[in-house]
Each structure stands twice: as C-alpha cells, then as structure tokens.
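Q: here you go, sequence then predicted model.
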Amino acid sequence: MPATTRLLALFLLLFAVAAQAAYLDPLDRLSFTVPTGWKVRTTRVDGVRTLRVVPPKADERERAAISVEIHRRHLARGETLETLAERYRRADGDREAASMVRLVPTAGRLTVSYREGQFVSDSLWIIRRNLQVFLLTGQHDVIEARCAANASEYHTYRRSLESVCLSLVVQKGRS
C-alpha cells in the first residue's frame, strides 16, 4: 500500500473517531460514545430514569425503529450475570437464542446479541436485532444498555449502535 494511501486511511480513521463524542452522565457516573449528530435525552420510563440516545433524522427513528436506552436497575432475587447469560443462551417466546453471549465476570460485564419478533400495526410481524450490555455496579445493581433496530435496517446503523452500547463504562467512585 503506498504511503499516501496509508496516510489517507489513517486520517479518515482519526476523523471518524474524533467525530464521535463521549457523554458522561453525572448522576449515574457512566460514560459512552455518542455518534455525530445523535442526542442524549433523559426521560422516565415506568418511573425509572432512562437515557435515550436518538439519531438526528426522524426517518431513521421511524423506518429503522432505532431504540437506544440505558438505565440502572436492581437485579431480581437470585438474578446474576451468569443466570442472565444462561437465559439469553436459550430461546424464549418471540426471542431467539442469542447469537453472541460474552460474559466477563471479572469486569462485571455481560454482552448479548439476539433477534426477537414482535407484532406492530395491522398484525405486521417485525424482526428486531438487539445488542444488550449489562454492567454490574454493585452487588444487586446493574446498568442495562439496549441498542436495537429493525433487522432489515440494522446493518446500516450497526456501527453507531455498537459505538454506544459497547463503549459503556461506569466511572469509578460510585457503586
């Protein structure tokens, strides 16, 4: 590969990395990458404070049904990252068995990727791809991040969705 081509490739890579911004949530002390133009909004879903990361264009939110949500929750009685990993390894109702289950117990991190079906308006069946990350923040608390889109559109937004969910880290100093 000629030197100018390598230099151009390096420049484009650095530009792509620089174009994304890091978001630090002061309340839950977590951070993640936000793709260029995407916004972070704080909402309440069923009484739980939830961070939503939304793409800049309405058609991306609607056609691809992009959903990125991050929230803190308590683990149910007897629930651990290991039991969650086992649950995702098996199909359950409209959810297929996960195509990827990555458990790192020493880091308190579980990453799963799976597909699930759901009915939408007029009995239309849609398959959605999900990337989900669980970060243990205490003995019974976990930060849960779910990045999802319609399976037919997922490939278009895969890098953006992965940049959010896979970059999620909890800052030290709070459990």
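A: Thanks, I have the structure now. For clarity, every value in this text was computed on a predicted model and none was experimentally measured. Numbering: from 1, shown residues only.
Q: where do the strands sit along this structure?
A: With strands called from DSSP state E, the chain shows them at 21-25, 30-34, 39-45, 48-54, 67-74, 100-104, 109-120, 124-136, 141-150, 169-170.
Q: can I get the ones you listed in a markdown table including distance to D92?
A: Bear in mind the C-beta positions are built from the backbone N, C-alpha and C, glycine included. Converted to a markdown table, these look like this (distance: least, C-beta to C-beta, whole Å):
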| stretch | distance to D92 |
| --- | --- |
| strand 21-25 | 30 |
| strand 30-34 | 27 |
| strand 39-45 | 22 |
| strand 48-54 | 22 |
| strand 67-74 | 19 |
| strand 100-104 | 13 |
| strand 109-120 | 9 |
| strand 124-136 | 13 |
| strand 141-150 | 16 |
| strand 169-170 | 27 |
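Q: need the winner for burial among these.
A: strand 141-150 (a mean of 21; mean count of other C-beta atoms under 10 Å).
Q: what angle separates that strand from strand 67-74?
A: 160 degrees (axes from the mean of the first three to the mean of the last three C-alpha atoms, to 10 degrees).
Q: who touches strand 141-150?
A: The contact list for strand 141-150, computed with C-beta atoms under 8 Å, 6 or more residues apart in numbering, reads 28, 30, 32, 63-75, 81, 126-137, 157, 161-162, 164-165, 168, 170, 175.
Q: name the strands paired with that strand and say parallel or antiparallel.
A: With DSSP bridges as the test, strand 141-150 is paired with strand 67-74 (antiparallel), strand 124-136 (antiparallel).
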